[in-house]
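Enquirer: From the sequence below, what's the structure:
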Amino acid sequence: MDVHPLDPASDAAPFEQLRAQIARRAASGDLPAGARLPTVRALAETLGLAVNTVAKAYRALETDGVIVTEGRRGTFIASATPGADVRDAAAAYVETARRQGLTLPEAVRLVEQGW
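Expert: Numbering: from 1, shown residues only. As a prediction, the model looks like this:
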């Protein structure tokens, strides 16, 4: 797995940047279901991060259902990524917004307010 460098100037903590990057790539299919992730130690070394930082990102991803850890076998992208759930929720929102007569800008504004 190629990991994109983290942005040291970002306001987001390194673990959050890593978590977001892996989640985004899993949702887009760039990291397909079943793809094996590097060990915590290997990824920490590659990125120049503390092992605990990578471990924290992996724990958050596992809690979110993006990855699964299978003991000594390793850590993998989960077979059903949250991206599919988000797409389903978005489709349901679009359907509801249209039934309610909202315009696209009105629907987007509601999403932005909730964000």
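Enquirer: In space, what's closest to the residue nearest to the spatial centre of the chain - neighbours in sequence excluded?
Expert: Centroid-nearest residue in the chain, with C-alpha atoms, centre = their mean: residue 23, separated by 1.5 Å. Among residues not flanking residue 23 along the chain, residue 66 sits closest, at 5.1 Å (C-beta to C-beta, 6 or more residues apart in numbering). Glycine gets a C-beta too; all of them are placed from N, C-alpha and C.
Enquirer: Count the residues that sit near the one you found.
Expert: Neighbourhood size, residue 66 [other C-beta atoms under 10 Å]: 23.
Enquirer: What score does it have for pLDDT?
Expert: For residue 66, the pLDDT comes out at 93.
Enquirer: Okay, it and residue 78: tell me how far apart.
Expert: 6 Å (C-beta to C-beta, to the nearest Å).
Enquirer: Quick check: neighbours shared by the two?
Expert: Counting by C-beta atoms under 8 Å, 6 or more residues apart in numbering, the shared contacts of residue 66 and residue 78 are residue 26.
Enquirer: before we move on, the earlier item: wait, the residue nearest to residue 23 sits on residue 22?
Expert: Yes - using C-beta atoms under 8 Å, residue 66 makes contact with residue 22 at a distance of 6.6 Å.
Enquirer: quick revisit: return the backbone torsion pair for the residue nearest to residue 23.
Expert: Residue 66 adopts backbone torsions of phi -80, psi -40, taken as degrees, to the nearest 10.
Enquirer: Check the gap between it and residue 27 for me.
Expert: Using C-beta to C-beta, residue 66 is found at 8 Å from residue 27.
Enquirer: now residue 3
Expert: Residue 3 is 16 Å from residue 27, where distance means C-beta to C-beta.
Enquirer: Just list what the helix or strand of the chain with the lowest mean pLDDT packs against, helices and strands only.
Expert: Every helix and strand of the chain was ranked by mean pLDDT, DSSP states H and E. The lowest is helix 82-99, at a mean of 83. On a contact count with 3 or more C-beta pairs under 8 Å, 6 or more residues apart in numbering; DSSP states H and E, helix 82-99 meets helix 14-28, helix 104-114.
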